[in-house]
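Asker: need the 3D shape of this:
(one chain, ligands or ions: 1)
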Amino acid sequence: MERIVIIGGVAAGATAAARARRISAHAEITVLEAGPDISFANCGFPYYIGRDIDRRSKLILQSPESFREQYDVQVEVETEVIAIDREARTVRARRKADATELELPYDSLILAQGGKPFVPPIPGVEKPHVFSLWTLRDMDAIDSWIGTEEPRSAVVVGGGFIGLEMVEGLRKRGMDVEVVERLPHVMPNVEAEIAGYLTEELQAYGVGVHTSASVTRIDDDVVVLDDGRTLPAEMVLMSVGVKPTLTLAQEAGLEIGESGGLVVDEYLRTSDPHIFAAGDMVEIDHTVSDRKVRIPLAGPANRQGRIAASNALGERRAYTGAQGTSIVKLFEATAGSTGLSLTQAKAAGFDAESVVVHKENHTSYYPGATPVTVLLVYERETGRILGGQTAGEEGADKRLDVLSTAIASGMTVSRLAELDFAYAPPFGSANDPLNMAAFVAENRMSGASSSITAAELDSFAGDLAQPMVAIDLRDPFSFERSHVRGSHPVTLKQLLMRTSQVPKDMPVLIISEDGKKGHQALRQMSQAGFEAVYNVSGGHTSIERYARAVGYEYFDVTLRRVEEKDLFAAADTGGEDEGDTPDAAAGGGLGGGEPLIVDVRTPEEFNMGAVPDAVNVPLDDIGSYVESLGEKGRKITVYCASGARSAYAVRMLQQVGFSNVHNGGGLMDMMARSRG
Ligand code: FAD
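Answerer: Okay, the predicted model is just below:
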């Protein structure tokens, strides 16, 4: 009878045990686990701390007893393996309860020991209010500290995904939270502009963000940073990375790889053919860069556990590697990455470039649309997609998974441009943000649009031997809120009418809201003979996010004040539902006979900025306000964002008898006119 011994009983180990039993009804399977629990959902811990998950028991997927019963597997918890004898094919383990030792023979051994959080040797790190989070015990310790000590402040050291998830959890438990990250931005695996989106969310929820900063000392109620600042910290969470657990493997003489993980072949066999390994402790092939990497994530760990068990029982299943797809939820924000970032792609030897688009997750006219960002990294010559990152409140996850699939299948941007997505207004757009990202990439590759990403701006400016002209095509309200100092606010119409005033001997940088209008301007200027026009991919949205995350050397960007978000707002809205009745006539009054300016956009759009003295009567409500608009001969100018809704409103008003009503067009036209 085949004897399988598995060391470690969580993601990779528990999966391996279950798989082994499914393959062989007769194998003798033993799981040895150093901790008290097996098969728990560590990915859920931060949500239990924040009470999104209300019961601890939901995190325990199997108890040793239930596992034993369900799979007929011998499970020994609180039993640490202390040595592997490869010659004799035995493992020696020690029971924590009474320090007794047991020796177990194996035909195949599966190492699934995972890793442990790395805790840097900072003075004060041993204090009782300093925690890391990896096991159920760690979670319980944090939870009980919060319950009994009621800390008012917390510092999270490390801005990776676990750190950020815990920021949210601790904030939800009522603490003032600060996050300290040694690298230039939080979530170091995403590009700076995506990190800027997360930074804004942190700031909106009142979380202090300290990047390019290290904690040098931990005192009882403060931490001290390397620049001497102190941050209040009645509780500290260390979350700076995970080290693979390799002592046993090293002592057994198994080969350790260049990335610091245990070497396995495609069948997940270590350098000893009777020993397999899976999960956070191994190094694997990155499927895009072909480099050896460690990807300590639950998905790869589970799939490797399954394959290791199959091969331990004589099958020959190859594991092809992973591409590091990961995602984080931070309050309302979501961001994730798959494949290579632009920096990683270049480091791996690819001639790569990237583009960014921001587009609504579904048609903007269907209620509830929110923007989703897609950053696409591809090989310049072939168009092969090498990586992708997405961000947004809704729909970022679905785009990320499509990108992951596209990368895995070797798709090019041209193929992505044509990809058929399910479309109806509540779900998407006729051109999905992913199609749009591919169109933009095609334009950049073909030279039809010489775009520059927010991240490339500094090196672009640094390489220029002469000054450039920066033109900002956004509306004046957006410009006022945030802009690149020295840029010129001009409407697209004005720009196209007055191209002769733009110097042809200087490079021209076009900045629009999201890059779309900038592309149009670029195309028309190129056709008018401008040779050095560049459109910022992702527009000012990307510039601002990048500036918020890491800042520029050559550009001074005024940052928009982040609007505070109320953590408990959703819970507080218990009273009367006041409905969506728009505040018609917001911004002024309808009475009187003087000329009237009517803004027919939504109240949300109106509140972002409107023509002085305009009144807000959303298009859908215009019928109800006909009586309030005064005499039928009154001069009324109607406008909206682009001039389309206002044209419709003009027709409606004319049909009910208003004779002196005009379409003012879009907001930008109205503003330009009012400035004369
Ligand atoms: P582990 O789960 O670490 O299990 C290894 C086990 O081996 C441990 O229980 C250990 O006690 C045992 N062991 C080690 N040495 C011995 C020994 N000598 N004898 C006996 N037993 C031993 N990943 C995602 O993909 N998405 C997420 O959202 C996500 N969120 C996370 C949130 C948190 C808070 C944490 C901690 C991790 C998260 N992860 C997430 C990572 C994911 O949980 C890990 O990648 C995964 O658990 C790795 O599985 P593993 O089996 O390799 O190792």
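Asker: any idea of the mean pLDDT for stretch 390-404?
Answerer: Mean per-residue pLDDT for stretch 390-404: 98.
Asker: G392 bridge partners, please.
Answerer: When bridges are taken as DSSP bridges, the partners of G392 come out as T334, V372.
Asker: which residues are in contact with it?
Answerer: With contacts taken as CB atoms under 8 Å, 6 or more residues apart in numbering, G392 has the following neighbours: 333-334, 361, 370-373. From N, CA and C alone the C-beta is placed, and that goes for glycine too.
Asker: please name the nearest non-neighbouring residue to the residue in the stretch 251-400 of the chain positioned nearest to the ligand.
Answerer: Among all residues of the stretch 251-400 of the chain, G279 sits closest to the ligand, at 2.1 Å; criterion: CB to the nearest ligand atom. Take G279 and drop its neighbours on the chain: the residue closest to it by CB to CB, 6 or more residues apart in numbering is A12, 3.2 Å away.
Asker: return the distance of the helix or strand the one you found falls within from the chain's centre.
Answerer: Here A12 sits within helix 11-23, counting by DSSP states H and E. Centroid separation for helix 11-23 versus its chain: 31 Å, with CA atoms, centre = their mean, to the nearest Å.
Asker: and that helix, C-alpha only, in CSV?
Answerer: What follows is helix 11-23, C-alpha atoms only, in CSV (Å, rounded to 0.1, in the frame of the first residue of the first chain):
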residue,chain,number,x,y,z
ALA,A,11,-3.9,25.3,1.3
ALA,A,12,-1.5,23.1,-0.6
GLY,A,13,-1.3,20.4,2.0
ALA,A,14,-5.1,19.9,2.6
THR,A,15,-5.7,20.0,-1.2
ALA,A,16,-3.0,17.4,-1.7
ALA,A,17,-4.5,15.1,0.9
ALA,A,18,-8.0,15.3,-0.5
ARG,A,19,-6.7,14.8,-4.1
ALA,A,20,-4.6,11.8,-3.0
ARG,A,21,-7.6,10.1,-1.5
ARG,A,22,-9.7,10.7,-4.6
ILE,A,23,-7.1,9.1,-6.7
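Asker: and that helix, does that touch the ligand?
Answerer: Yes: where contact is defined by CB under 6 Å from any ligand atom, part of helix 11-23 touches the ligand, namely 11-13.
Asker: by neighbour count, which of those wins?
Answerer: Taking other CB atoms under 10 Å to define a neighbour, the member of those with the most is A12, carrying 33 neighbours.
Asker: dump the residue contacts of it.
Answerer: A12 makes contact with 112, 114, 278-280, 301-302, 304-305, 308 under the criterion CB under 8 Å, 6+ apart.
Asker: filter the contacts of G392 down to the buried ones, PyMOL style.
Answerer: Selecting only the buried entries of the contacts of G392 in PyMOL, with 16 or more other CB atoms under 10 Å as the criterion:
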select buried, resi 333+334+361+371+372+373
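Asker: and the two most separated of the contacts of G392?
Answerer: Using CB to CB, the pair of these lying farthest apart is A333 and N361, separated by 13.1 Å.
Asker: for the chain, which spans come out with low pLDDT?
Answerer: Applying pLDDT under 70 to the chain flags the ranges 570-592, 675-676.
Asker: around the ligand, pick out the residues from it.
Answerer: Taking CB under 6 Å from any ligand atom as the criterion, the neighbours of the ligand within the chain are 7-8, 10-13, 32-35, 42-43, 45-46, 80-81, 112-115, 133-134, 162, 245, 248, 279-280, 296-299, 301.
Asker: which of these are buried?
Answerer: Buried positions within these, assessed by neighbour count (16+ other CB under 10 Å), are 7-8, 10-13, 32-35, 42, 45-46, 80-81, 112-115, 133-134, 162, 245, 248, 279-280, 296-298, 301.
Asker: let's see which of those residues end up in helices.
Answerer: If you go by DSSP state H, those have 11-13, 45-46, 162, 248, 298, 301 in helices.
Asker: on that earlier part again, ok, now which ones touch the residue of the stretch 251-400 of the chain closest to the ligand?
Answerer: Taking CB under 8 Å, 6+ apart as the contact definition, G279 lies against 8, 11-13, 112-114, 296, 300-301, 304-305.
Asker: what's the closest of these to L559?
Answerer: For L559, the closest of these turns out to be P296, at 34.1 Å, with distances computed as CB to CB.
Asker: identify the residue spatially nearest to that closest one, adjacent ones excluded.
Answerer: In space, P296 comes closest to D280 once its chain neighbours are excluded; the distance is 4.0 Å by CB to CB, 6+ apart.
Asker: isn't that neighbour right next to V242, touching?
Answerer: Yes: the pair D280 and V242 qualifies as a contact (CB atoms under 8 Å) at a distance of 6.4 Å.
Asker: shared neighbours of the two, anything?
Answerer: Looking at what touches both D280 and V242 (by CB under 8 Å, 6+ apart), the common residues are 115, 296.
Asker: and the residue nearest to P296, how far from G260?
Answerer: Between D280 and G260 the distance is 11 Å, computed by CB to CB, to the nearest Å.
Asker: quick one: common contacting residues for these two?
Answerer: Here D280 and G260 share the contacting residues 244, 294, scored by CB under 8 Å, 6+ apart.
Asker: contact partners for N435?
Answerer: With contacts defined as CB under 8 Å, 6+ apart, the neighbours of N435 are 416-419, 421.
Asker: so which of those are in strands?
Answerer: Judged by DSSP state E, the subset of the contacts of N435 located in strands is empty.
Asker: surely V536 meets G518?
Answerer: Yes: in this structure V536 lies within contact range of G518 using CB under 8 Å: 6.2 Å.
Asker: and the closest residue to S429 other than its chain neighbours, how many neighbours does it have?
Answerer: Across the structure, with CB to CB, 6+ apart as the measure, the residue nearest S429 apart from its sequence neighbours is T363 (5.2 Å). T363: 15 surrounding residues under other CB under 10 Å.
Asker: equivalent analysis for G486, please.
Answerer: If we define neighbours as other CB under 10 Å, then G486 has 11 of them.
Asker: what helix or strand is it located in?
Answerer: With DSSP H and E as the criterion, G486 is inside neither a helix nor a strand.
Asker: settle this for me: it is touching I471, isn't it.
Answerer: No: applying CB under 8 Å, one finds G486 not in contact with I471, separated by 10.9 Å.
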